[in-house]
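Peer 1: Kindly return the folded structure for what I paste below:
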Amino acid sequence: MFTNDRRQVERTGRYGTSRLQYLQEVVTQFQSTTSEESKEKIVANLANFAYDPYNYTYLRQLNVVELFLDCITEPNEKLVEFGVGGICNCCPDPANAAIVTKSGGIPLVIQCLSSPVRNTVNYAIGSLYYLCNTSNKEEIMKPEVVDIMKRYAAAEGASVSFSNLAKAFLDKHVSENELGDNSVGLLLDETVY
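Peer 2: Here you go, the predicted structure:
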């Protein structure tokens, strides 16, 4: 459920911790821990906060969008998964999407399309769906990205979620002319995942 100021006051009470203060404490925990498992849990927690527009300003203030991008560069697949999940959750907001783009995050998200972790791929497709706009379309709509989206769109038998997300991406960002004579449903016979 999305939060608003009134609901937040009801939940925290007069002496409760403000959302900004709580998120600051969570970010500080992430920065101070050396435990990979703790980092995974913290980033997953932050990614859950990233879906609610109420938190977007706080996440930007605390550089959490950049923290998510940093996680995508880690060798730990869980950190990558939760990092790109956080990006996916917060990038419907244009200000957050702009941070991802300006911070060089698009190639990092594109790299996640080839992850062996299903959730990571789903989050990457969803992120690119929201990130792609007229200012960065050229960077995202490279032939190799369009090709993998076509393959995912055609892979209903292997993963309905990949297929549905990729079809939505192609419907929104690729014109009928760019798709060519191949309809999305008839693109490839090979299984992607």
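Peer 1: drop to CA atoms for contacts and neighbour counts, all remaining ones
Peer 2: Fine.
Peer 1: Which of the helices and strands in this structure ranks last by mean pLDDT?
Peer 2: Ranked by mean pLDDT, DSSP states H and E, the weakest helix or strand in the chain is helix 5-12, scoring a mean of 54.
Peer 1: what helices or strands is the helix or strand just after it leaning on?
Peer 2: Using DSSP states H and E, the helix or strand that directly follows helix 5-12 along the chain is helix 19-32. Where contact means 3 or more CA pairs under 8 Å, 6 or more residues apart in numbering; DSSP states H and E, helix 19-32 is packed against helix 36-49, helix 56-61.
Peer 1: pLDDT below threshold where in this structure?
Peer 2: 1-17, 176-193 (pLDDT under 70).
Peer 1: which stretches of this structure form helices?
Peer 2: Along the chain, counting by DSSP state H, helices occupy 5-12, 19-32, 36-49, 56-61, 64-72, 77-90, 94-102, 105-111, 118-131, 137-140, 143-153, 160-173, 176-179.
Peer 1: most tightly surrounded among the ones you listed?
Peer 2: helix 77-90 (a mean of 27; mean count of other CA atoms under 10 Å).
Peer 1: quick one: contacts of that one?
Peer 2: Applying CA atoms under 8 Å, 6 or more residues apart in numbering, the contact partners of helix 77-90 are 39-40, 43-44, 46-48, 50-53, 56, 65, 67-74, 96-97, 100, 109, 112, 117, 119-120, 123-124, 126-127, 130.
Peer 1: likewise stretch 125-141?
Peer 2: Taking CA under 8 Å, 6+ apart as the rule, stretch 125-141 contacts 84, 87-89, 91-92, 97, 101, 106, 109-110, 113, 162, 165-166, 168-169, 172-173.
Peer 1: So for residue 38, what's the nearest residue that isn't a sequence neighbour?
Peer 2: residue 30 (7.6 Å; CA to CA, 6 or more residues apart in numbering).
Peer 1: shouldn't that neighbour be in contact with residue 39?
Peer 2: Yes - with contact defined as CA atoms under 8 Å, residue 30 reaches residue 39; the gap is 5.7 Å.
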